[in-house]
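K.L.:
just need the structure, nothing else, for what follows:
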Amino acid sequence: MNLLEVGAKAPPFETVDQDGKRVSLSDYRGKKVILYFYPKDDTPGCTREACAFRDDFAKFKKLRVEILGVSTDSEKSHKSFAQKYDLPFRLLVDSEKRIVRSYGVWGEKTLYGKTYMGTNRVTYLIDERGRIAAVFPKVKPDQHAEELLAFLKKK
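P.N.:
A predicted model of the protein is given here:
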């Protein structure tokens, strides 16, 4: 992994969300954005992380922060995941791995002694000017939403 540094310009992207609607980072200019990368829809850790964001969604909205989830899953997979867990935020399709690569989260992983390439669980907080305000490289799915809220309240 080659993560972006705090202060760096967030790489631009354009893709679709779970509803097939076009989305680009420039759509969020002037807003704070939580761009969270996760390995796979509807898996235990990813579900806990997404549901924690869902459960705290009103708190993030109150702080005027947008939440965008990114994985390499398809639009259909994202739609099913979002519907199943009533997720109120957008899930971005990155099946061509452009976003995960530009944000440095695509890399080698190990599971049960096997090494493979995949998306690492990393979150970026992007400020209103499109710059990286914080990087969270060691995300614990169950505590991450609360960790971000505490960080945002200190700012």
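
K.L.:
please read off the pLDDT at the residue in the chain sticking out farthest from the centre from the model.
P.N.:
Distance from the C-alpha centroid of the chain peaks at Gly113, with 26.4 Å (C-alpha atoms, centre = their mean). Per-residue pLDDT puts Gly113 at 89.

K.L.:
and it, how far is that from Pro44?
P.N.:
Per C-beta to C-beta, to the nearest Å, Gly113 is found 19 Å from Pro44. All C-beta atoms are positioned from the backbone trio N, CA, C, and that covers glycine.

K.L.:
surely Tyr85 meets Thr47?
P.N.:
Yes: with contact defined as C-beta atoms under 8 Å, Tyr85 reaches Thr47; the gap is 6.6 Å.

K.L.:
now for Glu147, how many residues are close by?
P.N.:
Burial measure for Glu147: 14 neighbouring residues, criterion other C-beta atoms under 10 Å.

K.L.:
oh, that last question was meant for Glu75, not what I typed.
P.N.:
Neighbourhood size, Glu75 [other C-beta under 10 Å]: 18.

K.L.:
sorry, back to before: okay, Tyr85 and Thr47: which has more neighbours?
P.N.:
Ranked by neighbour count (other C-beta under 10 Å), Tyr85 and Thr47 place Thr47 first, with 18 against 14.

K.L.:
in which helix or strand would I find that one?
P.N.:
In this structure, Thr47 is located in helix 44-55 according to DSSP states H and E.

K.L.:
the helix or strand of the chain with the lowest mean pLDDT pairs with which strands, parallel or anti?
P.N.:
The helix or strand with the lowest mean pLDDT-type score in the chain, counting by mean pLDDT, DSSP states H and E, is strand 106-111 (a mean of 87). For strand 106-111, the pairing partners within the sheet under DSSP bridges are strand 114-119 (antiparallel).

K.L.:
that'll do, ta.
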